[in-house]
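> how does the following fold in three dimensions:
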Amino acid sequence: MSALVGTGGLVRLILRRDRFLLPTWVILLAVIPMGFVGATDSLYPELADRLQYAKTTGTNPTFLALYGPMYDTSLGSIIAQRSGFIPVVVGIISALTVVRHTRTEEEAGRRELLGATVTGRGSGLAAALIVTMAANLVLAVLLAAGLTSQGLPFAGSLALGLQLAAAGCLFAAVAGVTAQLSEGAGAARGIALASLGAAFAVRMAADVGGAGNGLSWLGWVSPFGWINRLRAFGGERWWTLALVAALIAVLVAAAARLQARRDVGAGILPPSLGPAAASERLSGPFGLGWRLQSRPLYGWLAGFAALGVVYGALAKGIKDMVEDNPDLEEIFTKLGGQSGITDAYFASVMSMLGLIVAAYAVSAALRLRTEESGQRAEPLLATATGRLRWASSHLVFALLGPAVALAVAGTAAGLTHGLNVGDVGGELPRVLGAAMAQLPAVWLVAAIALALFGLAPRLTAGGAWAAVGLFGLLSLFGPSLDLDERVMDVSPFTHIPKIGQDFAVMPLVWLAAIAAVLAVLGMMGFRRRDLAMH
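This is a model prediction of the structure:
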């Protein structure tokens, strides 16, 4: 029997399961760059305005690091640079989608049941990659059509669409490989996202100093560098797509070869053997929770420390970018803060930091659902351990873990910026306070995950990550799209007091109160409902 027998049926199954989620993220990520066109054209209607924009963003390390270089002064080139972070988002979603339909299915035991039917060994992986890559190509077509309809050149519009699709297909293939390495879906996701983060960090190092940067050659090391060098609306280099396509082909072949070498449910990397006798710390649920949650927390904290250093290092140059351009200053002011452009910058990046910490909080809260669906919670709850005590052993990480993460990132950013400007004593408390102010909004996101776990367990993962995605889209792209204030208010991060403004405590109190209500509802629901195995 062929290894790909039954692939078509599994493709239809994935499309059925993702019939709402898949079109949502494809359409949203296509619409966002389209929305930039009108707003950007009104800000830079004349050639002189666009030349000034290109001058400032072409030399400023902040924009170069986050969005990459700008290759032309046309309206389309500005759109392409402002969309420079979207390929990262597309890559993350694509990687998570592949892991969800491969390793997660094996971990839950559903892949074994499907394998007992007329399906080949490689059909599950093939179906996940086909659906995810096809969705990315649809995204490229929609974006190209949308930008062309607004008067932008077709070649540049298609190139920008393919930049997004290339990132998505590439990290879908990366996830296809990582799904074969570990027995756990969490580890597969972690390795895939760590690879994406490393590739983006290398691209940032290559572009942060501009064309004269001594590290610019690193752009050819990172796949994100290849994608940027397609140069949408700047004299397209179509041949760079061949590099991405070749890497995708190698990764897909590697994933298929690795899958053929392992048993269903097993991983290529063998699990490490534990000690012969369990530690006394594992005698209770909190010890077990620490054993399961501590290592991911350490990894996240290391990433947050590095992110804080990057944010702090880039802050000093933000004034240079806007000193001759009031329109850019208005953009950063909309993003957060009104008492100074540096404060506006920190208000913006701290909101982004809060979203990333919220992703950690959700992943920690979802461990409850993972343990329950994996049938590991039932034996524990059959002992004297109560449901609320067991749930609390994981929720402490979803509540206190984000506080530690924000403190680490805020301290790193404040210390780095303080050293740059020679005022550690003045800048460190301000930046740290801006980071910690995100905590109630992060708790609210974690509470949404907990409420779903208690009241609608089958919707827990999808609903929680959908909330993170929605809030992220509103926070990252809402100001640039000039969305209505009532729409922006949907995100809890919109209500966080901005650094440099008068501190308002009531929004934080309300966010914390709503989070507490949702958490209580989730705990009450879990206490009353039956254990759900799927």
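
> shaky segments in this structure?
Counting by pLDDT under 70, the ranges of the chain that qualify are 1, 56-62, 115-116, 209-215, 271-282, 316-341, 480-482, 500-502, 532-534.

> next up, the contacts around the closest residue to His101 other than its chain neighbours.
Using CB to CB, 6 or more residues apart in numbering and skipping residues adjacent in sequence, the residue nearest His101 is Ala128, 3.9 Å away. All C-beta spots, glycine's among them, are computed from the backbone N, C-alpha and C. Ala128 makes contact with Ile14, Thr97, Val98, His101, Thr102, Ala172, Gly176, according to CB atoms under 8 Å, 6 or more residues apart in numbering.

> how deep is the fourth one tucked in, by neighbour count?
For His101, the neighbour count with other CB atoms under 10 Å is 24.

> that one and Ile130 touch, don't they?
No. Using CB atoms under 8 Å, His101 is not in contact with Ile130, being 10.4 Å away.

> buried sites along the biggest helix by length in the chain?
Ranked by residue count and defined by DSSP state H, the top helix of the chain is helix 387-421. By neighbour count with 16 or more other CB atoms under 10 Å, helix 387-421 contains the buried residues 387, 390-391, 393-395, 397-399, 401-402, 405-418, 420.

> chain center to the helix or strand hosting Glu106, what's the gap?
Secondary structure from DSSP states H and E places Glu106 in helix 103-108. Mean C-alpha position of helix 103-108 versus that of the full chain (CA atoms, centre = their mean, to the nearest Å) differs by 21 Å.

> after that helix, which helix or strand is next?
Immediately after helix 103-108, counting by DSSP H and E, sits helix 110-115.

> report the buried residues of the very next helix or strand once past the longest helix of the chain.
Following helix 387-421 in sequence order, the next helix or strand is helix 424-436 (DSSP H and E). Using 16+ other CB under 10 Å as the test for burial, helix 424-436 gives Glu427, Leu428, Arg430, Val431, Leu432, Ala434, Ala435, Met436.

> which residues sit in contact with the third one?
Which is Arg430. Phe346, Gly414, Ile499.

> so how many other residues sit close to the last one?
This points to Ile499. If you count neighbours by other CB under 10 Å, Ile499 ends up with 24.

> which residues sit in contact with it?
Applying CB under 8 Å, 6+ apart, the residues contacting Ile499 are Gly336, Gly337, Asp343, Phe346, Ala347, Met350, Arg430, Val431, Gly433, Ala434, Ala437.

> what does the second one give?
Residues in contact with Gly414 (CB under 8 Å, 6+ apart) are Gly308, Gly312, Val424, Glu427, Leu428, Pro429, Arg430, Val431, Leu432, Ala435.

> same thing but at 10 Å, please
Listed by CB atoms under 10 Å, 6 or more residues apart in numbering, the contact set of Gly414 reads 308, 311-312, 315, 346, 424, 426-435.

> closest to Val202 among these?
Here the nearest of those to Val202, counting by CB to CB, is Tyr311; it sits at 17.9 Å.

> so whichever strand or helix holds the closest one versus helix 387-421, what angle?
Using DSSP H and E, Tyr311 falls within helix 285-315. Per axes from the mean of the first three to the mean of the last three CA atoms, to 10 degrees, the angle that helix 285-315 makes with helix 387-421 is 20 degrees.

> elements contacting helix 285-315?
Packing partners of helix 285-315 (3 or more CB pairs under 10 Å, 6 or more residues apart in numbering; DSSP states H and E): helix 61-67, helix 185-207, helix 341-365, helix 367-373, helix 377-381, helix 387-421, helix 424-436.

> run the last query once more with 7 Å
The contact analysis (3 or more CB pairs under 7 Å, 6 or more residues apart in numbering; DSSP states H and E) places helix 285-315 against helix 61-67, helix 185-207, helix 341-365, helix 387-421.

> any chance of those helices in TSV, plus distance to Arg50?
Shown next, in TSV, are those (distance: least, CB to CB, whole Å):
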stretch	distance to Arg50
helix 61-67	14
helix 185-207	20
helix 341-365	21
helix 387-421	30
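
> ok, now how distant is the closest residue in space to Gly265 that isn't next to it in sequence from Val264?
Excluding the flanking residues, the one nearest Gly265 by CB to CB, 6+ apart is Glu106, at 5.3 Å. According to CB to CB, to the nearest Å, Glu106 stands 6 Å off from Val264.

> which one of the contacts of Ala128 is nearest to Gly225?
Proximity of the contacts of Ala128 to Gly225 (CB to CB) peaks at Ala172, which lies at 19.0 Å.

> burial count for the closest one?
31.

> what of Leu366?
The burial count assigned to Leu366 is 22, neighbours taken as other CB under 10 Å.

> who's in contact with it?
By CB atoms under 7 Å, 6 or more residues apart in numbering, the contact list for Leu366 reads Ala449, Thr460, Ala461, Ala464.

> among those residues, the buried ones, what's the PyMOL command?
Per 16+ other CB under 10 Å, the buried members of the contacts of Leu366 correspond to this PyMOL selection:
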select buried, resi 449+460+461+464
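
> let's have the contacts of Leu366 in CSV, adding distance to Ala134 and secondary structure.
Converted to CSV, the contacts of Leu366 look like this (distance: CB to CB, whole Å; DSSP: H, G, I helix; E, B strand; the rest coil):
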residue, distance to Ala134, secondary structure
Ala449, 29, helix
Thr460, 27, helix
Ala461, 23, helix
Ala464, 26, helix
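
> between the contacts of Leu366, which is nearest Ala504?
Using CB to CB, Ala449 comes nearest to Ala504 of the contacts of Leu366, at 26.6 Å.

> got a list of contacts for stretch 468-485?
With CB under 7 Å, 6+ apart as the test, stretch 468-485 has contacts from 28, 32, 35-36, 39, 82, 334-335, 351-352, 355, 358-359, 362, 445, 488, 490-493.

> picking that back up, tell me the buried residues in the helix holding Tyr311?
For helix 285-315, using 16+ other CB under 10 Å, the buried residues are 285-286, 288-290, 292-293, 296-297, 300-301, 303-304, 307-315.

> and if you look at stretch 3-12?
Ala3, Leu4, Gly6, Thr7, Leu10, Val11.

> how about stretch 228-246?
Under the neighbour-count criterion of 16+ other CB under 10 Å, stretch 228-246 has Asn228, Arg229, Leu230, Arg231, Ala232, Phe233, Gly234, Glu236, Thr240, Leu241, Leu243, Val244 buried.
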